[in-house]
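**Student:** Any chance you can model this:
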Amino acid sequence: MGRSFEGRPVGGGGRGVPATLIGIACVLLGLVVVFSVVQPRFLSPTTLSLIFRYYSPVSVLALGMTFVILVAGIDLSVGFLMVLLMFVMATAVTKGGIPPVGALLLGLVSAVVVGVASGAAIAVARMPPFIVTLAVMVGANGATLLLSGNQSVGNLPPELLALGSSEVQLLGHPFPLTILLVPALYAGAALFLRRTRSGRALVAVGANREAARLSGLPIRRLEASAYVFMAICCWLAAWIQLGVNRTADPKVALSDSLELNAIAMVVIGGTSLSGGRATLAGTALGALLLAVLFNGLPMLGGQFGDTSWRKLVQAAVILAGACLDVIQRRSRPG
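**Tutor:** Here you go, the predicted structure:
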């Protein structure tokens, strides 16, 4: 039987909160308490606004990555593809003279083309996702260097900056628009997986590919669609990132390890690496957990402010998520 986006059987089972989500929430709450005691300004509106602003793009990447891992895939290219799409849109406006709306559409079309090509290679040609997305990663990096000349592109029109730079007033304080946008995207994706036929079919493909095939599901098309959705998320994250940085910077993917962060957010959130169980609420909590960690560690001072600690945290989170996945699979009956 297929699984819902919370890891329960579709159409049945209880409605209790999964233990994984409770555990992540408790760890997150504990970290917030510790960092707030050490540095009271951690819970200030300014700090919270910065967390939501700077981690919105990778949270969108994690949303797409959840769909890819749901169908037992992986995508190593997301950070570099996001940066490439930033330059496609930025250079289309600054050098090509294309209106901002046209540049955004060009970026979206470019993302869909890459997603379709990757999805076809993986789902139809049955090439390993690791190899295909590794090739896309290297190709996207090379294309970015060609477009950018390894230089940032600035002086971008407001339309390209709006999604990542716009603010809303909440409780009398300015917060980035993405504080509303990202949760809405996650909620919509969760409803899609839980409530729609196509969403449940995606879960079924990840849970048991052969059973899905025997049931008459278009498994190749469904599997490929996960990579197309991932590419669209890269485009949306690129649009947000342009507003956050106010420039297109070719070094973003290298400095921030975006694909590793996205994978870490997904696996620590409880999505099964073997496919068939996606926990979007867990991914959202995983994104918050990493954002809190990465912003809180420098506030401890000393060696914790070094970026090497962030890399160690990344490794620990990915390993913890993988171990949790193994434990959960062994504890499930059958």
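
**Student:** Give me the neighbour count for V203.
**Tutor:** When neighbours are counted by other C-beta atoms under 10 Å, V203 registers 24. (Glycine included, C-beta is placed from N, CA and C.)

**Student:** do R330 as well
**Tutor:** The number of residues packed near R330 is 7, by other C-beta under 10 Å.

**Student:** Without its sequence neighbours, what residue ends up closest to I232?
**Tutor:** Using C-beta to C-beta, 6 or more residues apart in numbering and skipping the chain neighbours, the partner closest in space to I232 is A111 (5.6 Å).

**Student:** which residues touch the residue nearest in space to the middle of the chain?
**Tutor:** Centre of the chain computed as the mean C-alpha position; nearest residue by C-alpha atoms, centre = their mean is A62, 1.6 Å away. The contact partners of A62, by C-beta atoms under 8 Å, 6 or more residues apart in numbering, come to 261-262, 265-266, 283, 286-287.

**Student:** Could you pull out the strands in this structure for me?
**Tutor:** Under the criterion DSSP state E, strands of the chain are mapped to 167-170, 173-176.

**Student:** can you tell me which of those comes nearest to V34?
**Tutor:** Of all those, the one in closest proximity to V34, counting by C-beta to C-beta, is strand 173-176 (23.4 Å).

**Student:** Could you check the closest one and say which residues are buried?
**Tutor:** Of the residues in strand 173-176, those scored as buried under the neighbour-count criterion (16 or more other C-beta atoms under 10 Å) are 175-176.

**Student:** before we move on, back to that, closest to T279 out of the strands of the chain?
**Tutor:** With C-beta to C-beta, the closest approach to T279 among those belongs to strand 173-176: 25.0 Å.

**Student:** name the helices or strands packed onto the closest one?
**Tutor:** Other elements packing on strand 173-176 under the criterion 3 or more C-beta pairs under 8 Å, 6 or more residues apart in numbering; DSSP states H and E are helix 45-70, strand 167-170.

**Student:** Point out the most buried one among those.
**Tutor:** The highest average neighbour count among those, using mean count of other C-beta atoms under 10 Å, belongs to helix 45-70 at a mean of 24.

**Student:** Could you verify my assumption that V101 touches P157?
**Tutor:** No - using C-beta atoms under 8 Å, V101 is not in contact with P157; the gap is 9.9 Å.

**Student:** The two: which has the busier surroundings?
**Tutor:** Between V101 and P157, counted using other C-beta under 10 Å, P157 has the larger neighbour count: 14 against 11.

**Student:** Quick check: the gap between the closest residue to that one other than its chain neighbours and L85.
**Tutor:** The spatial neighbour of P157 that comes closest, neighbours along the chain excluded (C-beta to C-beta, 6+ apart), is P100 at 4.8 Å. Separation of P100 from L85 (C-beta to C-beta, to the nearest Å) stands at 14 Å.

**Student:** what about M299, how many residues close to it?
**Tutor:** The local packing count at M299 equals 17, with neighbours defined by other C-beta under 10 Å.

**Student:** wait, what's in contact with A92?
**Tutor:** The contact partners of A92, by C-beta under 8 Å, 6+ apart, come to 98, 102-103, 106-107.

**Student:** so what's the residue nearest to I232 up against?
**Tutor:** Contact criterion C-beta under 8 Å, 6+ apart gives 81, 85, 231-232, 234-235 as the residues in contact with A111.

**Student:** what does A322 give?
**Tutor:** 267, 273.

**Student:** Please report how far it lies from Q241.
**Tutor:** A322 sits 28 Å away from Q241 when distances are taken as C-beta to C-beta.

**Student:** Over to A281?
**Tutor:** From A281 over to Q241 the distance is 24 Å, taken as C-beta to C-beta.

**Student:** Also A117?
**Tutor:** Distance from A117 to Q241, by C-beta to C-beta: 23 Å.

**Student:** higher neighbour count, those two?
**Tutor:** In this view A117 and Q241 are compared by other C-beta under 10 Å, and Q241 has more residues nearby, 28 against 16.

**Student:** List the residues that contact the residue nearest to the more buried one when sequence neighbours are not counted.
**Tutor:** Setting aside the residues directly before and after it, Q241 is nearest to P57 in space (C-beta to C-beta, 6+ apart), at 4.4 Å. Counting by C-beta under 8 Å, 6+ apart, P57 touches 82, 164, 237-238, 240-241, 244, 258.

**Student:** May I see those organised as a markdown table, with distance to R195 and pLDDT added?
**Tutor:** Formatted as a markdown table, the contacts of P57 follow (distance: C-beta to C-beta, whole Å; pLDDT from 0 to 100):
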| residue | distance to R195 | pLDDT |
| --- | --- | --- |
| M82 | 29 | 96 |
| G164 | 30 | 92 |
| A237 | 25 | 97 |
| A238 | 29 | 96 |
| I240 | 26 | 96 |
| Q241 | 30 | 95 |
| V244 | 32 | 93 |
| L258 | 30 | 88 |
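
**Student:** Select, from the residues you listed, the two members most distant in space.
**Tutor:** In the contacts of P57, the most distant members under the criterion C-beta to C-beta are G164 and L258, with 14.6 Å between them.
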